[in-house]
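Chemist: Okay, predicted coordinates and the sequence, questions at the end:
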Amino acid sequence: MRVTIQLRGETDRETLTSHIERRLHFALNRLEDRVTSVTVRCSDINGPKGGLDKRCAIELRGPEVGVLVVEALDSAWRRAVDQAVTLANRALVRALERAVQRGPRAGFAGEVG
């Protein structure tokens, strides 16, 4: 599982990156073989004005689930990350459950043969 983290805005980058990696590891550890890549994008929407302006979006990609994107907003970086990771975990579990119910894929849209 390849993890990419993109941070925009005023924050302690080292601390936030460490927190993101730790939370992803705990939340996705048992399912990481089903995910090929994770992209985390954190941004401060309106700068130093305050409010619910810390945005954390997580994109998961995998052969069984395709592309899943979740997003969380909060006034604090850590809470935005925690909420987004929780949402990503739930979305991944639901997508994998649907994949099991569907059975093996016959092919992707646009595939010839």
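Modeler: It's in. Numbering: from 1, shown residues only.

Chemist: from here on, contacts and neighbour counts on C-alpha atoms
Modeler: Noted.

Chemist: could you list every residue that touches the residue nearest the centre of the chain?
Modeler: Taking CA atoms, centre = their mean, the centroid of the chain lies closest to Ile58, which sits 2.6 Å from it. Counting by CA atoms under 8 Å, 6 or more residues apart in numbering, Ile58 touches 38-41, 69-71, 84-85, 88.

Chemist: quick one: secondary structure of the closest residue in space to Ile58 that isn't next to it in sequence?
Modeler: Computed as CA to CA, 6 or more residues apart in numbering, the closest residue to Ile58 that is not its neighbour in sequence is Val40, at 4.6 Å. When classified by DSSP: H, G, I helix; E, B strand; the rest coil, Val40 comes out as strand.

Chemist: Identify the bridge partners of Val40.
Modeler: Per DSSP bridges, the residues bridged to Val40 are Ile5, Ile58.

Chemist: Thought Ala57 was touching it, still the case?
Modeler: Yes - the pair Val40 / Ala57 is scored as a contact, 5.8 Å apart, by CA atoms under 8 Å.

Chemist: can you pull out the helices in the protein?
Modeler: Taking DSSP state H, the helices of the chain run over residues 13-28, 77-102.

Chemist: ok so, going back, pLDDT at the residue nearest to the centre of the chain, what is it?
Modeler: What the model reports as pLDDT for Ile58 is 98.

Chemist: Val100 now?
Modeler: On the pLDDT scale, Val100 gets 84.

Chemist: Could you check how many residues crowd around it?
Modeler: By other CA atoms under 10 Å, 12 other residues sit near Val100.

Chemist: Contacts only, for Asn29.
Modeler: Counting by CA under 8 Å, 6+ apart, Asn29 has no contacts.

Chemist: To clarify, my last question referred to Ile20.
Modeler: By CA under 8 Å, 6+ apart, the neighbours of Ile20 are Val81.
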